[in-house]
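Visitor: Take this sequence and fold it.
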Amino acid sequence: MIQDRSDLNQGELNMLIKRLYSVSAVKPTYRDKGSLSIKVFLCSLVVVGLLQTFPMAYAGQAETAQDLTTLLRSARAVTVNKKTIGDPTLINVKKFIKKTKKNYLRSSGKKLDKSNVMLGQLLEAIKQVVTEAQSGKYADKWTKGDYANKFLPARFARQTGLAFEKITDGKGIIKLTTSDDLLVNLANKADEWENKVIETMFLKPNWERNKVFSEKTSTGYRLILPEYYKSGCMACHGGDQGKKIHSKPISGNIGDFGGAISVILK
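Guide: The predicted structure is shown next:
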């Protein structure tokens, strides 16, 4: 379920419409009346087109952003494998991508849209990261702590987000983030917009579980999806280990808010 704030851009749309209609405010001479009426007519067509395409474009961004979160989660689920977490060179890239597409179909109820450029670019980023992991590129990347040299799902997601941003030339961004209290990797720290949504919405008891929030901002179209701890998360985020790795000594419990996937489309 998505809660959106498309109305925030209505002021910009109204301003554009006002400018388009401003031509009709010019007092015409007899000679100009014909050309002016044509201008007004053409402006009317433009305005009607804007009114029709604006919500359609917004809906398209919303669907793409939602699909991007589904695709990332579908791939991340494949990384939940003790053998490949410990030794990513054991990853079979072809099977990994096949399982990702299968997970996506099961989660979204539809096949991956090959005509959607952003989805194709995220799939490319996923394939790039698992190929690099399989080739041993990350062997010396994470050398400290309890999870040294482990190809963890969260690490996969971060590397994929970085690759995706590069492939899209910054037009698409996807990342994991969470509240400041649950932060493990400072690189995933929430920005001002993300933090506000997390603190004032996702962490409130009356917020509907799994409800996405989105809105059009000066940065671009933004969507953020809350995620909750499952049994598979407890080994790292629950009990004493959770208190150890989180920025504050908090032990996660199954069903608790654990983090979010944030998307920006520019």
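
Visitor: gap between the residue nearest in space to the middle of the chain and V212?
Guide: With distances taken as Cα atoms, centre = their mean, V263 lies nearest the centre of the chain, 2.3 Å away. Distance of V263 to V212, given as Cβ to Cβ, to the nearest Å: 10 Å. C-beta here means a position set from N, CA and C on the backbone, and glycine is covered the same way.

Visitor: Go ahead and confirm E199 touches S179.
Guide: Yes: between E199 and S179 there is a contact at 6.8 Å, judged by Cβ atoms under 8 Å.

Visitor: higher neighbour count, those two?
Guide: Neighbours were counted for E199 and for S179 using other Cβ atoms under 10 Å; S179 has more, 22 against 14.

Visitor: In this structure the more buried one contacts F257, no?
Guide: Yes: assessed by Cβ under 8 Å, S179 is found in contact with F257 at 7.4 Å.

Visitor: and the helix or strand E215 falls within, which strands flank it?
Guide: E215 belongs to strand 212-216 when elements are defined using DSSP states H and E. Strand 212-216 pairs in its sheet with strand 2-5 (parallel), strand 221-228 (antiparallel), by DSSP bridges.

Visitor: which stretch in those has the least confidence?
Guide: Looking at those, the lowest mean pLDDT belongs to strand 2-5 (a mean of 56).

Visitor: isn't there a helix covering A157?
Guide: Yes: judged by DSSP: H, G, I helix; E, B strand; the rest coil, A157 forms part of a helix.

Visitor: Near it, how many other residues are there?
Guide: Using other Cβ under 10 Å, A157 has 23 other residues around it.

Visitor: ok, now how distant is it from L223?
Guide: Distance from A157 to L223, counting by Cβ to Cβ: 16 Å.

Visitor: Just the helices from the stretch 101-250 of the chain, written as ranges.
Guide: Defined through DSSP state H, counting those that start in this stretch, the helices belonging to the stretch 101-250 of the chain, from first to last, are 117-134, 153-167, 192-197, 234-237, 239-245.

Visitor: Take those and lay them out in TSV including distance to E63 and mean pLDDT.
Guide: Shown next, in TSV, are the helices of the stretch 101-250 of the chain (distance: least, Cβ to Cβ, whole Å; pLDDT from 0 to 100):
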stretch	distance to E63	mean pLDDT
helix 117-134	10	98
helix 153-167	17	98
helix 192-197	20	98
helix 234-237	31	93
helix 239-245	35	94
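
Visitor: correct me, but Y229 touches H237?
Guide: Yes: here Y229 reaches H237: they are 6.0 Å apart, a contact under Cβ under 8 Å.

Visitor: Need the residues touching each of those two.
Guide: By Cβ atoms under 8 Å, 6 or more residues apart in numbering, Y229 and H237 have these common neighbours: 252, 258.

Visitor: Looking only at neighbour counts, state which of these two leads.
Guide: Remark: of Y229 and H237, H237 carries more neighbours, 24 against 20, as counted by other Cβ under 10 Å.

Visitor: which residue packs closest to that one, ignoring adjacent ones?
Guide: G252 (3.9 Å; Cβ to Cβ, 6 or more residues apart in numbering).

Visitor: Could you list the paired strands of the helix or strand hosting A260 along with their orientation?
Guide: If you go by DSSP H and E, A260 is part of strand 257-265. When pairing is defined by DSSP bridges, strand 257-265 lines up against strand 172-177 (antiparallel), strand 221-228 (antiparallel).
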